[in-house]
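S.K.: next input, structure requested:
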Amino acid sequence: MRTNFDFAPYRRSTVGFDRLFDLLESGTRAEGSEGYPPFDIARDGEDSYRITLAIAGFRPDDIEIVAHQNQLIVTGKPREDDEKRDYLHRGIAMRAFERRFQLADFIEVGDAMFEDGLLTIALRRVVPEAMKPRRIAIASGSAAHRLEAPAGTHQAA
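M.R.: Predicted structure coming up:
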């Protein structure tokens with residue numbers, strides 16, 4: 001059972017978290033086609049992930065993968081010649097779909113592989129050097145250096 005949560009009080013007292021609240025609110029809404037196609041998200045390592053979608057009946061030409069900003073969009077459109085067949089029973093769901101995945105910051109989409117009706121998309125977290133923590137050396141006693149004023153400025157004596 002899903003319950004709707006009101007984020008309005010939190011929105012009023014925070015700045016810059018609009019996107020986070022939008023994601024939380026959209027995650028609580030039920031959508032009709034949310035179950036198709038089924039997918040798995042797996043962690044392969046500390047900074048590597050894999051999304052696998054079960055899309056039996058599709059060919060690689062029928063699928064489009066687009067990575068834009070922090071979103072991955074996988075779209076599938078069935079072939080028109082397949083819909084002209086006269087089926088006695090149609091148990092393999094092969095309908096058009098669009099599946100969206102919200103990616104965290106610094107997640108890059110790698111390669112995609114289609115095999116045995118499964119589409120696998122590799123993801124990797126790549127944190128820029130400027131964003132990684134760095135250790136600052138601490139000087140002590142007489143070895144400590146004074147901060148010098150930038151060139152062109154004068155210090156009062």
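S.K.: give me the neighbour count for residue 76.
M.R.: Residue 76 sits with 22 neighbouring residues when counted by other CB atoms under 10 Å. C-betas here are computed from N, CA, C, even on glycine.
S.K.: where does the chain have low pLDDT?
M.R.: For the chain, the stretches flagged by pLDDT under 70 are 1-34, 81-83, 142-157.
S.K.: domains in it, as residue ranges please.
M.R.: By the record's domain assignment, the chain is partitioned as 1-30, 35-127 (automatic domain parsing).
S.K.: what are the ranges of the helices in the chain?
M.R.: 8-12, 18-28, 80-83 (DSSP state H).
S.K.: just to revisit the earlier point, need the domains of the chain in JSON lines with distance to residue 135, can you?
M.R.: Compiled in JSON lines, the domains of the chain are given as follows (distance: least, CB to CB, whole Å):
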{"stretch": "domain 1-30", "distance to residue 135": "28"}
{"stretch": "domain 35-127", "distance to residue 135": "16"}
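S.K.: quick one, which of these is packed in tightest?
M.R.: Compared across the domains of the chain, domain 35-127 shows the largest average neighbour count, a mean of 13 (mean count of other CB atoms under 10 Å).
S.K.: how far does it stretch from start to finish?
M.R.: The separation between the terminal residues of domain 35-127, taken as CA to CA, to the nearest Å, is 32 Å.
S.K.: now swap in stretch 39-53 and tell me
M.R.: 4 Å.
S.K.: mind checking how far residue 140 is from residue 134?
M.R.: For residue 140, the distance to residue 134 under the criterion CB to CB, to the nearest Å works out to 20 Å.
S.K.: go on, residue 69?
M.R.: Look at residue 69 and residue 134: by CB to CB, they are 27 Å apart.
S.K.: then residue 52?
M.R.: From residue 52 over to residue 134 the distance is 36 Å, taken as CB to CB.
S.K.: next one: residue 49
M.R.: Distance from residue 49 to residue 134, by CB to CB: 26 Å.
S.K.: what's the answer for residue 70, then?
M.R.: With the distance defined as CB to CB, residue 70 ends up 25 Å from residue 134.
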